[in-house]
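Asks: Below are the sequence and a predicted model; questions follow.
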Amino acid sequence: MSKKITIAIIGATGYTGAELVRMLVRHSYVEITTLTTRQYVGKKFSQVFPYFKNICDLECIEYKSPDALDADVVFSALPHHESAPIVAEIIQKGKRIIDLSADFRLKSENLYKEWYGEHPCFELVNEAVYGIPEIYRNDIKKAKIVANPGCYPTSVILPLYPLLKEGMVENKRIIVDSKSGVSGAGRSLSLKTHFCEVYGGFKAYNVTVHRHQPEIEEQLNIISGENVNVYFTPHLLPVKRGILSTIYLWLRKGIEEKDVFEIYEKYYSHERFIRIFKDELPTIEGVVGSNFCDIGFKLDKRDNLLIIISAIDNLVKGASGQAIQNLNLMIGCPEETALDNIPLFP
């Protein structure tokens, strides 16, 4: 690649935007040219985040039109509803975009209306590719719009994909119990994520009404070719980063742990960012700061109940890292570029 690909990040001063900058400044094939913000217009990025001093000193601008974006590829790190109209403008200018909001993830317009309200440009949804590289790699390479998945869905879909694809699940009831660090709620101020409200506590939230549930369910329906009922309960952990998901499902009779391990090896042994655990179970501290998805499991033989444990960093494989993995596919550079961070431990 003789000429570097130019990159714009819309909404660069949120957590996912800052994570994009943190990893892209080390990217061998791209150059960040534009950072937009609403709160910090006119400030250098390194003034907003001092640890970027002499690393990224670009001045943050306000997004007004796609003509102001000096970029080949755009990342949108805006909330749902705010992102979609801007994506539509950018696509009309012939640029490619990776959207980190929920606006292009759901393929059903009725489902989107039920959970998010009216979609401002649903006609573009069919052009968008759901951005899990390990599942949709070939489609992502050609995509104009990549719908970067939610963090919880990534932690659930990756461990379930091989089992559903191979028809190993006995009945289509899947129970998901997930725990996330506070950064999953974003950088905006909120009493619910205030330090004194979170530290030392642990709670479930948005039970039966979390917006990632329909995203998980729709993707699993597509993968399995059948209707899958997902019972999803998220919890808030008093930590900054990480997601640990515990998934319960019933396997067909006669399937043993070794069979599950063999299927995971078949699908994922060649994948750079998926690690399968055989004799131990994943932990949040084992993935923080990295683009890994760690997967482990145990089989309760009494009724063939498989218990899967997965762990990701919600800001990396659950958001910005996966977005860069998608970028790498789109521009044709090595998929691991800028994503070779070792987990931060201790």
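Replies: Nice, thanks for sending it over. Numbering: from 1, shown residues only.

Asks: Could you use CA atoms for every contact and neighbour count after this?
Replies: Noted.

Asks: how much distance is there from the helix or strand of the chain with the lowest mean pLDDT to the middle of the chain?
Replies: Per-element confidence for the chain was summarised using mean pLDDT, DSSP states H and E. The lowest value among helices and strands belongs to helix 195-198, with a mean of 78. In terms of CA atoms, centre = their mean, to the nearest Å, the centre of helix 195-198 is found 25 Å from the chain centre.

Asks: Give me the buried positions along that helix.
Replies: Of the residues in helix 195-198, those scored as buried under the neighbour-count criterion (16 or more other CA atoms under 10 Å) are residue 198.

Asks: Likewise for stretch 96-115?
Replies: For stretch 96-115, a neighbour-count test (16+ other CA under 10 Å) marks 96-107, 112 as buried.

Asks: Ok, stretch 181-194 next?
Replies: 181-184, 193.

Asks: Export these as a markdown table, with columns for pLDDT and distance to residue 283.
Replies: Rendered in a markdown table, the data for the buried residues of stretch 181-194 read as follows (pLDDT from 0 to 100; distance: CA to CA, whole Å):
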| residue | pLDDT | distance to residue 283 |
| --- | --- | --- |
| 181 | 91 | 13 |
| 182 | 88 | 17 |
| 183 | 79 | 17 |
| 184 | 76 | 17 |
| 193 | 78 | 23 |
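
Asks: so which of those comes closest to residue 119?
Replies: Ranked by distance to residue 119 (CA to CA), the buried residues of stretch 181-194 are led by residue 184 at 23.4 Å.

Asks: from what I can see the closest one touches residue 241, true?
Replies: Yes. Because the distance of 7.5 Å satisfies CA atoms under 8 Å, residue 184 is recorded as touching residue 241.

Asks: Name the residues contacting each of those two.
Replies: Taking CA atoms under 8 Å, 6 or more residues apart in numbering as the criterion, residue 184 and residue 241 both touch 314-315.

Asks: Please list the residues outside whichever helix or strand comes after the least confident helix or strand of the chain that contact it.
Replies: Heading C-terminal from helix 195-198, the first helix or strand you meet, by DSSP states H and E, is strand 203-204. Under the contact criterion CA under 8 Å, 6+ apart, strand 203-204 has outside partners 233-237.

Asks: now do 7 Å
Replies: The contact list for strand 203-204, computed with CA atoms under 7 Å, 6 or more residues apart in numbering, reads 233-236.

Asks: for the chain, which spans come out with low pLDDT?
Replies: Across the chain, the ranges flagged by pLDDT under 70 are 1-2, 188-189, 346.

Asks: out of the contacts of strand 203-204, which are inside strands?
Replies: The subset of the contacts of strand 203-204 located in strands under the criterion DSSP state E comprises 233-236.

Asks: okay, now the closest residue to residue 273 other than its chain neighbours: neighbour count?
Replies: For residue 273, the nearest residue in space outside its immediate sequence neighbours is residue 292; the separation is 4.6 Å by CA to CA, 6 or more residues apart in numbering. Neighbour count for residue 292, taken as other CA atoms under 10 Å: 27.

Asks: so residue 292 sits right up against residue 274, yeah?
Replies: Yes. Using CA atoms under 7 Å, residue 292 and residue 274 qualify as a contacting pair, with a distance of 5.7 Å.

Asks: that older thread, want to throw the contacts of strand 203-204 into CSV with neighbour count and distance to residue 245?
Replies: Putting the contacts of strand 203-204 into CSV (neighbours: other CA atoms under 10 Å; distance: CA to CA, whole Å) gives the following:
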residue, neighbour count, distance to residue 245
233, 19, 10
234, 23, 9
235, 20, 10
236, 22, 12
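
Asks: Throw those into a markdown table and include distance to residue 157, thanks.
Replies: A markdown table is the format used below for the contacts of strand 203-204 (distance: CA to CA, whole Å):
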| residue | distance to residue 157 |
| --- | --- |
| 233 | 15 |
| 234 | 15 |
| 235 | 18 |
| 236 | 20 |
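
Asks: Would you point out the most distant pair within those residues?
Replies: Comparing every pair within the contacts of strand 203-204 by CA to CA identifies 233 and 236 as the most remote, at 10.4 Å.
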